[in-house]
Each structure stands twice: as C-alpha cells, then as structure tokens.
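In: can't give you the sequence, but here's the structure:
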C-alpha cells in the first residue's frame with residue numbers, strides 16, 4: 001500500500017473543510033467573509049506554493065485539523081463562527097498573514113496554535129473580533145508586548161491562551177481587568193518581566209485557571225495590604241482552581257491571604273525566591289490536589305495545618321530552608337502518591353505517622369539532618385518505587401524491606417536478602433556505603449530492574465553467573481569494590497545495557513564476554529583491575545567510551561579495534577602493550593581521546609595518526625618510541641588546531657535519570673593524565689575544554705617540528721625525557737592556551753617552562769637556558785692596521801720593558817730582606833729555598 005503524501009492530504013483537507021462550505025452555492029457565507037478567506041488562501045500560497053493543489057479531493061479515512069463551523073440558520077447564507085487552524089502550517093509564517101481573518105467579525109473561536117507564526121502581536125486586528133469567546137495563539141513565535149488595554153475590546157473572551165511564544169515587556173497596569181468573563185488565562189513560557197500589577201486581575205473575578213509560569217516576572221506577589229485597604233487581586237479570585245507562578249523571580253513572603261483561595265486544586269510557586277515562613281492559612285486550601293513550593297527560600301517549620309490538606313496527591317517542599325521536625329500530622333495525607341521534603345534542614349526521625357501513607361510511589365527525604373533507624377514499616381508501601389534517603393544520619397536496619405536509594409549513608413553489613421524477594425524492584429541505589437560480602441544471585445531475577453548502583457562499597461567475591469538474567473538493566477555500576485574472578489559471560493546478553501562500570505575492583509581473567517554487535521552499550525569501564533592477555537575487542541560496534549587502563553594486557557594493539565568505528569575515548573594506559581603503533585588506528589575516525597601512557601610500545605609514531613582529525617587528547621608518554629616527531633603528525637590534527645568550544649566531546653556528559661520529581665546523575669569517570677608534575681583527573685563535565693599532547697619519556701630523536709606551533713588549542717605539551725636536539729622553534733610561542741604560561745613578556749614565554757623539554761641533551765634555546773651556537777656572539781679578532789711601523793713599536797716596547805722589569809724585581813726583593821743571612825736554627829734549610837718558594841706562592 002502506497003501512503004499518500006501528507007502535504008497533499010493537508011492541502012486537500014484545507015480546501016474541503018475550510019473553503020468549500022463557504023464557497024458552496026447551496027451553503028455560502030457572506031461575500032466579505034468569502035473574500036477574506038480567499039485572500040488568506042492567496043497569502044499562504046504567496047509564501048508557500050506547496051499549498052497549490054487546493055482542488056484535490058479529501059480522503060474518507062483521514063481527519064483534518066482545520067474546519068469551519070457555521071451557524072444552524074436555515075437561510076442560504078451562514079456566517080463563520082469558528083476557525084480551527086492548529087498545527088497547519090509546515091513552515092515559518094509572518095503574523096500579518098492573519099490580517100484577512102480579522103474581517104470575519106462573527107468569529108467566536110479562533111485557534112491557530114502550534115504553528116510557526118512569528119512577528120508582532122496583531123493586537124489591532126484581534127480587537128475587531130469582539131465576539132471572540134475562545135482565542136488560542138499558543139506555541140508560536142509571536143513577539144511584542146501585551147496590548148496596553150489588555151485585549152479590552154474582547155469583553156466576551158472566556159479562554160485566552162498565549163503560552164509558549166516570545167511575548168516580552170510587562171503586564172499592563174490595568175492587566176486584564178476589562179475581561180470580566182475570562183475563565184482561562186495562560187501567559188506561561190514567554191519573556192514577560194516586571195511585577196504582577198496590583199490591579200491587573202482585579203475585575204477578572206470568574207478566573208478559574210491562571211498560569212504565569214516560566215517568565216521573568218520579578219518583585220513580590222501583591223499582598224492584600226495596600227495603604228490599609230484590601231485591593232482586588234490574585235488572592236481574591238475566589239473561583240480560582242489552578243494557579244501556576246512557577247519558574248519566575250518572585251520574592252518576599254507568601255501572604256496569609258492565600259488561604260482565601262479555598263477552591264484551589266493546584267498551586268505551583270516553584271522555583272522562585274520566595275522566603276519567610278509558610279503561613280498556617282495554607283491549611284485552608286482543603287481542595288488542593290497538588291502543592292509545589294520547591295526551590296525557594298522558605299524557612300522555619302512545616303506548618304502543622306498542612307495536615308488538613310487531605311485531598312493532596314503531590315506535595316513538594318524540597319530544596320528550601322525548612323527546619324524543625326517533620327510534623328506528625330503529615331500522616332493524615334492518605335492520598336499522597338509523591339512526597340518530597342529533600343534538601344532542607346529537617347531534624348529528628350522519620351515520623352511513625354507516615355506509615356499511613358500507603359499510596360506513596362515516591363518519597364524524597366534526602367539531604368536533611370534526619371537521624372535514627374530507617375523504619376521497618378516502609379516495607380508496607382507496596383507501590384513505593386523511588387525512595388531517596390541519602391545525605392542524612394539514618395542507619396541500617398537489617399530486618400527492613402524497601403526499595404531504597406540509600407547512597408551516601410552509613411549502611412554496613414551484607415546485602416539484605418529481603419531485597420531479592422521484591423518483584424517490582426526498578427532502581428536500587430546503595431552506593432557510597434560500607435556493605436560487604438557477595439551479591440546474591442536472586443537479585444538479578446527481578447525482571448524490571450533497570451538501574452543498579454552499588455559503587456564504592458566493600459562487596460567481594462565473584463560476580464553472580466546469572467547477572468545476565470536482569471534483562472531490563474540499562475545502568476550497572478559496581479565500581480570501587482573488591483569483586484574478583486572473571487566477568488560472567490551472561491552480562492553480554494543484556495541487550496538494554498547502556499552504561500557498565502566495573503572499574504577499581506580485583507577482577508581477572510584473559511577472556512572477555514562477547515557482546516552482540518547490536519547491543520546499545522556506549523560506555524564501558526574495566527580499568528584498574530587485573531585482567532590479562534591480549535587487548536579485548538569483543539564490544540558492541542556503537543561503543544563510544546572504552547576504558548581498559550590499569551590492567552595487565554599485553555601483546556600488540558589488535559586490528560579488530562578498528563571495528564569500533566564510533567569510539568571517541570580509548571584508554572589503555574598502564575598496561576604491558578608492546579609492538580608498534582599500527583596505521584589501522586586512523587580508521588577510528590571519531591577518536592577524540594587516545595591514552596597509551598606507560599606501556600612498552602616501540603618504533604616510530606606513524607604519520608597516519610594525523611588523520612585522526614578529531615583528536616584532542618593524545619598521551620603516548622612512557623613508552624619506547626623512537627625516531628622523529630613526524631611533521632605530518634602535527635599538520636592535520638585539526639582538533640588541536642582550533643579551540644572548537646562549541647563542539648563538545650560526546651562523552652562529556654552526565655547521565656540523568658528522571659522520575660516525576662526527582663533526578664539522579666551518573667558522572668562518567670575522570671580521565672587521569674600527567675598534569676603539572678602529578679597525575680590528575682579531568683572531570684567528564686568539562687573534559688571538552690582540554691587539548692593535551694604528551695610524548696614525554698620516550699626515545700624520540702629529532703628536532704622539534706616548528707609545525708607544533710599550529711596546535712593553538714593545546715593546554716599542555718610535554719616533550720621531556722627524550723633525545724630531541726636542535727633549537728626549540730620560535731613558533732611554539734603561539735601556544736597561548738598553555739596553562740603553565742609565564743606572564744612576563746612576549747609570546748615565547750608561553751613555552752618558557754624548562755620542564756617541557758627536560759632531559760633532552762641535544763636541545764638548545766633560551767627556554768632551557770642553553771644557548772644555541774648560532775645565537776652566541778662572535779669571538780673578538782685582533783684588528784689589523786695599515787701602519788707599517790706598528791710591529792717595530794711592539795718590539796721596542798718589549799726591549800725596554802724587560803730590563804726595567806728585571807731591575808724593579810731585584811729592588812723589591814732586596815728591600816724585603818731576602819738576601820740577608822738567616823738566623824741560626826736547629827733545622828738545616830737551604831736559605832735560597834725560602835725566597836724561591838715564597839715567590840712561587842705569590843705569583
């Protein structure tokens with residue numbers, strides 16, 4: 001069956017449902033409306049000729065998003081009262097395209113939402129449609145300000161939706177006060193700023209739905225006290241059921257008069273900068289089903305009156321500065337499915353009354369000051385899937401049965417067996433505790449298990465052979481434990497696995513699991529274990545990050561690595577890999593990080609490495625590489641030539657796992673490099689900022705290529721401990737991004753750190769304070785003169801100077817008494833020996 005062209009279908013329905021009823025001879029609209037619609041059609045065709053085939057017949061099997069509703073009058077002429085044009089236009093359309101429609105003054109419903117209309121708000125045109133009851137311009141690109149009179153001419157308007165545009169400026173002082181029939185008003189997710197006007201909603205007494213979220217509104221929520229009087233404003237909208245002021249910049253306190261909105265079902269003020277205490281009057285909102293005050297600055301305790309909100313299904317007070325104990329009355333909220341009190345300063349224990357909240361699906365108490373044992377009654381919450389308790393001082397109770405996220409607590413002892421009996425275990429977070437012993441095989445029989453995070457504990461022994469039975473696993477983090485033995489082959493059967501971290505354990509073996517090439521695994525870290533044998537290549541073809549460093553792999557780099565064509569980060573440092581660097585590495589064209597530090601690689605650096613144009617970090621240090629640094633090697637490393645900050649590395653991410661109101665991040669492990677004379681980790685969050693080239697501790701013997709100066713993005717270049725010779729090229733002064741730049745002069749100071757070139761005996765240059773021969777000043781030569789008498793003058797000076805010097809010497813000796821007889825002595829010395837010896841000492 002051949003599918004119809006969707007554009008043609010759209011064109012057909014546009015004609016049939018939009019124009020045909022109005023143009024039909026038996027059922028036509030007034031001539032001026034007909035002309036308005038034809039002009040509207042013509043304007044569309046002028047912009048997008050794909051609407052040209054308007055004579056097509058509609059298909060009976062497909063509905064359309066455009067229609068024209070007419071009155072039920074029996075006369076031959078009926079007026080247009082509704083236009084539904086939602087999600088019609090396939091491309092950007094200017095707002096003046098709508099101008100013909102503003103002549104159809106009989107319109108009561110106009111819906112042009114979810115199109116690509118941009119340009120100024122057509123305020124004047126809309127003002128002609130005084131019969132409008134329903135106006136929906138949402139999810140377009142309309143800009144400009146809200147009309148000063150706030151659509152005052154549209155006094156019959158009941159529904160106004162401007163959500164998701166680019167409307168800016170402030171809400172007019174009179175706001176929407178003239179729209180006394182307005183029931184639904186949505187201005188959310190625009191760029192509206194300024195304060196909510198005090199009188200802006202004074203006469204909109206029938207308002208049921210008000211959404212101002214996602215703007216830049218600042219200032220205080222209008223209080224009910226204004227020069228001693230009570231102005232008509234938000235908290236007097238007695239019919240209001242939905243109020244969303246979230247994602248703004250509101251400040252000040254929450255007025256006690258909020259309690260007058262007794263028909264309210266949903267109140268969302270998160271996030272803002274609201275502060276002070278929560279008013280007790282909030283307990284008057286007994287019909288509330290959802291209350292979110294998250295990410296503000298509310299302080300002091302949770303009001304006890306909150307226990308009256310028995311219709312609540314979602315309560316979010318997280319990320320504030322609430323203190324004191326959790327009120328026991330919170331247990332009266334028996335309809336709660338989600339409760340978030342995390343990231344506050346709450347003290348005491350988990351109140352026993354909360355065990356009555358048996359409908360809970362999510363409970364967040366993390367990052368408080370709670371103490372005591374984790375209560376046993378959490379076992380009774382059969383629907384509980386997400387529990388966040390980390391960052392408290394809660395202790396483990398080995399008899400409890402729950403679905404926990406207990407990271408960063410003080411849990412110790414063996415893995416609780418009761419967790420293996422929970423058949424609806426989706427996500428388990430027990431990282432950063434002191435749990436020990438083996439993992440039970442029954443844990444992996446939980447079919448819905450999706451995330452298992454047990455990092456940084458003291459688990460030991462071999463991994464269970466049936467680990468592959470957890471078919472739904474997407475994230476498995478077992479790093480930082482004491483697991484030993486081989487990796488179970490069954491792990492390769494988990495087709496949904498995306499992130500696998502087994503690093504920093506004691507795992508060993510020379511046989512790796514063979515992953516199906518179609519498995520979606522993109523991150524695998526096996527570093528800092530005791531694996532041996534050849535470098536494994538049995539990974540999925542789409543893997544992007546592969547960390548195998550810190551093991552005992554040996555032999556040459558295998559050719560099969562080239563099958564991993566999407567590889568971006570390859571870490572093989574600190575192994576026993578030997579042989580030469582293969583030319584085949586160039587086939588891994590997406591490679592951005594290659595770390596082969598501290599192996600036994602030999603031979604020369606292949607020129608073909610220059611074809612890795614995305615390479616940003618290359619570490620070949622501490623090997624036995626010889627010969628020259630090839631000029632071709634540095635001429636084409638485009639990734640190091642330009643500082644492409646807009647092109648971040650694919651692995652520079654944190655994996656975020658989102659639930660309804662909570663999120664959990666898993667950061668990719670740091671990349672360890674030699675940096676500033678020590679090993680340092682580059683965080684996965686900003687690793688895209690670094691461009692490094694380390695060729696130190698090899699046997700390279702050549703001059704330093706001047707083309708290295710073209711790698712302007714480099715932040716670290718290390719050529720030390722080689723056999724390099726010749727003059728350090730001046731072009732290295734262009735490397736101005738190096739972090740060890742010495743700020744004392746010209747560009748060459750960028751590379752003036754001698755450590756970059758240390759232990760290369762043949763190098764010279766001012767950077768290492770060893771002058772080059774060509775830079776030494778010439779040796780002074782005796783000047784020749786044309787005066788022919790000069791040689792005779794010199795001989796005459798010698799003839800006169802010699803006798804004069806002899807006479808002066810004898811005179812000095814005589815005056816000093818050296819020719820006088822020596823006094824008697826028991827020791828027999830020859831008198832002539834003394835002056836001779838003293839003369840030699842003086843000379």
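Out: It's in. The shown structure was predicted, so the numbers you read here are calculated from the model rather than taken from an experiment.

In: run a quick neighbour tally on residue 262.
Out: Counted with other C-beta atoms under 10 Å, the neighbours of residue 262 add up to 12. In this view, the C-beta of every residue, glycine as well, is placed from N, C-alpha and C.

In: hang on, it packs against residue 286?
Out: Yes. Using C-beta atoms under 8 Å, residue 262 is in contact with residue 286, at 7.0 Å.

In: which stretches in the chain count as helices?
Out: Secondary structure of the chain, counting by DSSP state H: helices at 6-13, 20-23, 31-47, 123-127, 631-635, 638-641, 790-815, 833-842.

In: any idea which of those scores lowest on pLDDT?
Out: Ranked by mean pLDDT, the helices of the chain bottom out at helix 833-842, with a mean of 32.

In: surely residue 384 and residue 359 touch.
Out: No. Counting by C-beta under 8 Å, residue 359 is not a contact partner of residue 384; they are 9.5 Å apart.

In: between those two, who's got more neighbours?
Out: More crowded of residue 384 and residue 359, by other C-beta under 10 Å: residue 384, with 22 against 16.

In: and the more buried one, how far from residue 452?
Out: According to C-beta to C-beta, to the nearest Å, residue 384 and residue 452 sit 18 Å apart.

In: over to residue 730?
Out: Residue 730 is 56 Å from residue 452, by C-beta to C-beta.

In: the more surrounded of those two?
Out: Using other C-beta under 10 Å, the more surrounded residue of residue 730 and residue 452 is residue 452, with 23 against 13.

In: pLDDT weak spots in the stretch 251-400 of the chain?
Out: Applying pLDDT under 70 to the stretch 251-400 of the chain flags residues 379, 396-400.

In: which parts of it are strands?
Out: With strands called from DSSP state E, counting those that start in this stretch, the stretch 251-400 of the chain shows them at 266-268, 273-277, 290-292, 297-300, 314-316, 321-322, 338-340, 362-364, 371-373, 386-388, 393-395.

In: for residue 577, find the nearest of these.
Out: For residue 577, the closest of those is strand 386-388, at 43.2 Å, according to C-beta to C-beta.

In: which parts of the stretch 1-150 of the chain are strands?
Out: Secondary structure of the stretch 1-150 of the chain by DSSP E, counting those that start in this stretch: the strands cover 66-70, 80-85, 93-94, 109-111, 117-120, 134-136, 141-145.

In: residues in contact with the fourth one?
Out: Residues outside strand 109-111 that contact it (C-beta atoms under 8 Å, 6 or more residues apart in numbering) are 69, 81-86, 101, 129, 132-136.

In: what lines up beside it in the sheet?
Out: Its sheet considered, strand 109-111 pairs with strand 80-85 (parallel), strand 134-136 (parallel) by DSSP bridges.

In: now these in TSV, with mean pLDDT?
Out: Output for the strands paired with strand 109-111, formatted as TSV (pLDDT from 0 to 100):
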stretch	mean pLDDT
strand 80-85	91
strand 134-136	96
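
In: mind checking those for the one nearest to residue 585?
Out: Among the strands paired with strand 109-111, strand 80-85 comes nearest to residue 585, with 56.3 Å by C-beta to C-beta.

In: and the angle for the closest one with helix 31-47?
Out: Strand 80-85 and helix 31-47 are oriented at 10 degrees to each other (axes from the mean of the first three to the mean of the last three C-alpha atoms, to 10 degrees).

In: out of the strands of the stretch 1-150 of the chain, which comes closest to residue 341?
Out: Proximity to residue 341, assessed across those by C-beta to C-beta, is greatest for strand 134-136 (37.7 Å).

In: so who does residue 502 touch?
Out: Counting by C-beta under 8 Å, 6+ apart, residue 502 makes contact with 478, 479, 483, 487, 525, 526, 529.

In: ignore the last one, residue 209
Out: 183, 184, 185, 186, 240, 241, 242.

In: burial count for the last one?
Out: So the one you mean is residue 242. 17.

In: for it, which residues count as its bridge partners?
Out: Under the criterion used (DSSP bridges), residue 242 bridges to residue 209, residue 266.

In: any idea how far it is from residue 290?
Out: Separation of residue 242 from residue 290 (C-beta to C-beta) stands at 9 Å.

In: mutual contacts of those two, please.
Out: Counting by C-beta under 8 Å, 6+ apart, the residues touching both residue 242 and residue 290 are 265, 266.

In: thinking again about what came up before, could I get the contacts of residue 502 as CSV with pLDDT?
Out: Shown next, in CSV, are the contacts of residue 502 (pLDDT from 0 to 100):
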residue, pLDDT
478, 96
479, 95
483, 96
487, 95
525, 95
526, 96
529, 96
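
In: and those residues as a markdown table, adding neighbour count?
Out: Below are these laid out as a markdown table (neighbours: other C-beta atoms under 10 Å):
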| residue | neighbour count |
| --- | --- |
| 478 | 24 |
| 479 | 22 |
| 483 | 22 |
| 487 | 23 |
| 525 | 22 |
| 526 | 24 |
| 529 | 23 |
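
In: which ones among the residues you listed are found in strands?
Out: Taking DSSP state E as the definition of strands, these contribute 483, 525.

In: look up how far residue 134 lies from residue 105.
Out: 15 Å.

In: got the contact list for residue 184?
Out: By C-beta under 8 Å, 6+ apart, the contact set of residue 184 is 158, 159, 160, 161, 207, 208, 209.

In: mind running it again at 10 Å?
Out: Residue 184 sits next to 134, 136, 157-161, 207-211, 242 when contact means C-beta atoms under 10 Å, 6 or more residues apart in numbering.

In: look at the nearest residue to residue 492 once chain neighbours are set aside and report its pLDDT.
Out: Spatially, and ignoring its direct neighbours in sequence, residue 492 is nearest to residue 513 (3.9 Å; C-beta to C-beta, 6 or more residues apart in numbering). Looking at residue 513, its pLDDT stands at 90.

In: who is the residue lying closest to residue 83 once chain neighbours are set aside paired with across the strands?
Out: Once flanking residues are discounted, residue 83 sits nearest to residue 110: 5.4 Å by C-beta to C-beta, 6+ apart. Beta-bridge pairing of residue 110 under DSSP bridges involves residue 83, residue 135.

In: what do you get for the one 10 residues further on?
Out: Beta-bridge pairing of residue 120 under DSSP bridges involves residue 143.

In: ok, it to residue 147 distance?
Out: Distance of residue 120 to residue 147, given as C-beta to C-beta: 11 Å.

In: same check, this time on residue 627
Out: Distance of residue 627 to residue 147, given as C-beta to C-beta: 76 Å.

In: neighbour-wise, which of these two wins?
Out: Neighbours per residue (other C-beta under 10 Å) separate residue 627 from residue 147, with residue 147 holding more: 17 against 13.

In: so the more buried one versus residue 110, what's the distance?
Out: From residue 147 across to residue 110, the span is 16 Å (C-beta to C-beta).

In: wait, the residue nearest to residue 492 sits on residue 538?
Out: Yes. Counting by C-beta atoms under 10 Å, residue 513 does reach residue 538; the two are 6.8 Å apart.

In: what ranges do the strands span in the stretch 551-700 of the chain?
Out: Assigned by DSSP E, counting those that start in this stretch, the stretch 551-700 of the chain shows strands spanning 552-555, 569-571, 576-580, 593-595, 600-603, 617-619, 624-627, 654-658, 663-667, 671-675, 678-682, 692-694, 699-700.

In: appreciated, that's everything.
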